[in-house]
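> attaching a predicted model along with its sequence, questions to come.
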Amino acid sequence: MTALFIILTPVIASIISFSAKNRIKILNATAIAASSVELAATLLIVSDVVRNGVYSLAPYISVDYLGSILMLIVAVVGMAASWYSTGYLRTEVSKEIIGFRRVRQYFTLLHLFLMAMFFAIMTTSPILMWIAIEATTLSTAFLISFYNKPSAIEAAWKYLVINSVGLLLGFFGTLLLMYPAFKSGNNGLVDWHTLLAGVSGLDPFIAKVAFIFVIIGYGTKVGLAPMHTWLPDAHGKAPVPVSSLLSGVLLNVALLAILRFRVVVDAAVGQSFSRELLIFFGTLSIVVASFIIFTQKNYKRLLAYSSIEHMGIAALGFGFGGAGTFAAILHMIYHSLTKSILFLSSGNIFLKYSSTKIAKVKGALSALPITGVLFIIGFLSITGVPPFGIFFTEFSILSAGIHEHPAVIVIVMISLVLAFIGFLESVVGMMFGENDEEITVEKEKTMSSTITPIIILAAILIIISVFVPSALKFLITSASLTY
């Protein structure tokens with residue numbers, strides 16, 4: 001029954017938000033209450049998976065080790081984003097940037113977005129998973145065009161078209177892999193176990209073609225190069241809390257789809273084929289993103305390209321396998337927390353400076369002391385500076401591939417150095433220096449809804465960078481044995 005709470009709670013919250021009449025307090029209270037219920041229910045499911053190895057509710061609802069980890073990411077980042085949204089949108093309403101109607105639309109779609117991601121993780125049906133991930137596209141397209149500016153509308157259309165075409169290719173690959181099940185007379189919804197059971201009837205060539213469609217299709221949603229072109233525009237134009245969910249959560253959900261199909265394809269043709277594809281797309285993503293980070297002039301787009309880089313690192317870890325798989329899963333966790341910290345902090349910077357251009361932000365550390373410190377923590381983490389966890393995951397991933405792919409490791413290391421230099425230059429320019437005369441220095445309220453969620457995320461990041469709880473380590477170890 002716990003899974004029903006996770007599915008029904010955001011649906012009910014969305015209905016309440018849509019029905020609210022000029023009462024922003026109702027929208028805020030609903031968002032915080034719904035995200036709290038979702039987090040509590042997720043913790044119950046995670047504890048059940050730790051004890052029993054799997055959580056199952058119905059024929060097509062089941063959560064495995066990796067699924068429980070991603071559900072926890074969705075719940076934690078989702079609650080932080082929902083909580084932050086209440087203060088962020090309140091500020092924009094007070095500045096008359098948006099009105100109540102926009103706030104109501106925002107929360108209505110935000111709850112549906114979270115529901116679609118939860119369902120995509122929990123379902124055992126490839127078809128239902130595809131529908132859920134497509135639903136995230138539809139709900140977030142309207143959130144990306146939230147401010148109704150020409151550039152935002154263009155970014156939303158670009159996001160909608162590119163991702164829909166990509167997912168259509170992924171759906172074609174899905175049908176190819178499901179053909180043996182259809183041929184054997186299976187008339188119901190095919191699940192992952194059915195696909196695995198039918199690999200003996202799957203032609204190896206067809207399996208390879210199908211996985212190419214899958215990795216290109218769902219890789220579009222992950223933001224792997226060269227299918228990444230929608231991501232910087234979408235993340236740059238969406239409201240900041242939505243950007244934190246797009247970068248910190250949705251990309252992982254799409255990567256989960258690739259990994260689940262990979263298990264089926266590996267059973268049919270062996271591991272080398274999928275590994276080479278993941279290594280190729282992972283390396284290309286790192287290289288492309290690093291060069292653009294080095295020359296980026298917009299801090300939200302800078303963070304978006306960083307997401308491309310880090311999803312490439314995760315893909316590389318899964319491609320190398322072994323210790324690289326463990327590190328890749330842990331890297332997904334660290335990246336989700338870190339990117340959420342950075343995006344939410346950038347929201348406070350935007351509210352203060354009214355610009356996303358790096359050149360127009362100076363002295364943020366003095367103008368916004370708490371936000372500035374949090375942003376610097378996020379910067380140190382995302383660039384792999386010890387003792388933050390990303391340093392250890394990147395080191396482990398590179399170590400896992402050094403013997404078989406030394407050339408790839410050299411290329412990746414050069415790219416990571418380039419990304420660090422580009423990030424460092426941007427952050428130093430934003431955090432230090434003299435403020436413009438119109439920028440006032442004010443004391444931030446430590447209990448503000450635009451500060452507290454970021455502090456909590458930063459505390460979680462620091463704690464698990466130093467000490468990974470035994471339950472989480474068990475989940476990651478168990479998941480790495482499957483994927």
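Okay, I see it.

> what ranges do the helices span in the stretch 201-350 of the chain?
204-222, 230-237, 240-245, 251-269, 271-295, 299-320, 323-353 (DSSP state H, counting those that start in this stretch).

> and these as JSON lines, adding mean pLDDT, distance to G67 and mean neighbour count?
Glycine gets a C-beta too; all of them are placed from N, C-alpha and C. Below are the helices of the stretch 201-350 of the chain laid out as JSON lines (pLDDT from 0 to 100; distance: least, CB to CB, whole Å; neighbours: other CB atoms under 10 Å):
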{"stretch": "helix 204-222", "mean pLDDT": "95", "distance to G67": "16", "mean neighbour count": "22"}
{"stretch": "helix 230-237", "mean pLDDT": "88", "distance to G67": "24", "mean neighbour count": "25"}
{"stretch": "helix 240-245", "mean pLDDT": "94", "distance to G67": "18", "mean neighbour count": "28"}
{"stretch": "helix 251-269", "mean pLDDT": "95", "distance to G67": "7", "mean neighbour count": "23"}
{"stretch": "helix 271-295", "mean pLDDT": "94", "distance to G67": "19", "mean neighbour count": "21"}
{"stretch": "helix 299-320", "mean pLDDT": "95", "distance to G67": "16", "mean neighbour count": "28"}
{"stretch": "helix 323-353", "mean pLDDT": "95", "distance to G67": "12", "mean neighbour count": "26"}
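
> mind putting those into a markdown table with distance to L114?
Formatted as a markdown table, these follow (distance: least, CB to CB, whole Å):
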| stretch | distance to L114 |
| --- | --- |
| helix 204-222 | 16 |
| helix 230-237 | 17 |
| helix 240-245 | 8 |
| helix 251-269 | 11 |
| helix 271-295 | 26 |
| helix 299-320 | 19 |
| helix 323-353 | 14 |
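
> separation between I97 and Y84?
16 Å (CB to CB, to the nearest Å).

> what about the two, which has more around it?
Y84 (27 against 13; other CB atoms under 10 Å).

> that one reaches L344, doesn't it?
Yes. In this structure, Y84 is within contact of L344 by CB atoms under 8 Å, at 5.2 Å.

> common neighbours of these two, please.
240-241, 244, 450, 453-454 (CB atoms under 8 Å, 6 or more residues apart in numbering).

> in CSV, list these along with distance to P406.
As requested, those are exported to CSV (distance: CB to CB, whole Å):
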residue, distance to P406
V240, 40
P241, 42
S244, 36
T450, 46
P453, 42
I454, 39
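
> which of those residues sits closest to A120?
S244 (18.1 Å; CB to CB).

> all helices of the stretch 1-150 of the chain, in order?
According to DSSP H, counting those that start in this stretch, the helices that the stretch 1-150 of the chain contains are 2-19, 24-52, 65-94, 100-122, 126-144, 150-183.

> which of those helices sits closest to L202?
helix 150-183 (5.2 Å).

> for the closest one, buried residues please.
For helix 150-183, the buried set under the neighbour-count rule, 16 or more other CB atoms under 10 Å, comprises 152, 155-156, 158-160, 162-163, 166-167, 169-171, 173-174, 176-178, 180-181.

> what's it packed up against?
helix 126-144, helix 192-197, helix 204-222, helix 230-237, helix 251-269 (3 or more CB pairs under 8 Å, 6 or more residues apart in numbering; DSSP states H and E).

> can you give me the angle that helix makes with helix 230-237?
130 degrees (axes from the mean of the first three to the mean of the last three CA atoms, to 10 degrees).

> off-centre distance for helix 150-183?
Mean C-alpha position of helix 150-183 versus that of the full chain (CA atoms, centre = their mean, to the nearest Å) differs by 18 Å.

> what about the nearest residue to S449 once chain neighbours are set aside, how many residues nearby?
Distance criterion CB to CB, 6 or more residues apart in numbering; nearest residue to S449, sequence neighbours excluded, is G87 at 3.3 Å. By other CB under 10 Å, 21 other residues sit near G87.

> contact partners for G87?
Counting by CB under 8 Å, 6+ apart, G87 has contacts 448-450.

> off-centre distance for stretch 292-309?
That offset, for stretch 292-309, works out to 15 Å (CA atoms, centre = their mean).

> could you check how far S285 is from S480?
21 Å.

> next one: I377
I377 is 28 Å from S480, by CB to CB.

> with S244 instead?
From S244 to S480 the distance is 26 Å (CB to CB).

> repeat for I456
Distance from I456 to S480, by CB to CB: 27 Å.

> comparing those two, which residue is more hemmed in?
Taking neighbours as other CB under 10 Å, I456 and S480 compare with S480 leading, 22 against 15.

> so which bits of the helix or strand that one falls within are buried?
Assessed by DSSP states H and E, S480 sits inside helix 470-482. Residues 472, 475-476, 478-480 are the ones in helix 470-482 that count as buried (16+ other CB under 10 Å).

> elements contacting that helix?
Using 3+ CB pairs under 8 Å, 6+ apart as the test, helix 470-482 ends up in contact with helix 24-52, helix 65-94, helix 323-353.

> relative to helix 24-52, how tilted is that helix?
Going by the same axes, to 10 degrees, helix 470-482 makes 70 degrees with helix 24-52.

> so where's the stretch 51-200 of the chain uncertain?
184-188 (pLDDT under 70).

> would you turn the helices of the stretch 1-150 of the chain into TSV with distance to L251?
Shown next, in TSV, are those (distance: least, CB to CB, whole Å):
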stretch	distance to L251
helix 2-19	20
helix 24-52	19
helix 65-94	11
helix 100-122	11
helix 126-144	11
helix 150-183	12
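
> between those, which one is nearest to G321?
That would be helix 65-94 among the helices of the stretch 1-150 of the chain, by CB to CB, at 14.8 Å.

> which parts of that closest one are buried?
Of the residues in helix 65-94, those buried (16+ other CB under 10 Å) are 65-92.

> do stretch 391-405 as well
Buried, per 16+ other CB under 10 Å, within stretch 391-405: 391-394, 396-398, 400-401, 405.

> filter the contacts of G87 to the buried ones?
Here, 16+ other CB under 10 Å leaves 449-450 buried among the contacts of G87.

> ok, so of the contacts of G87, who is nearest A314?
T450 (29.0 Å).

> which residue sits closest to that closest one, ignoring its sequence neighbours?
G87 (4.0 Å).
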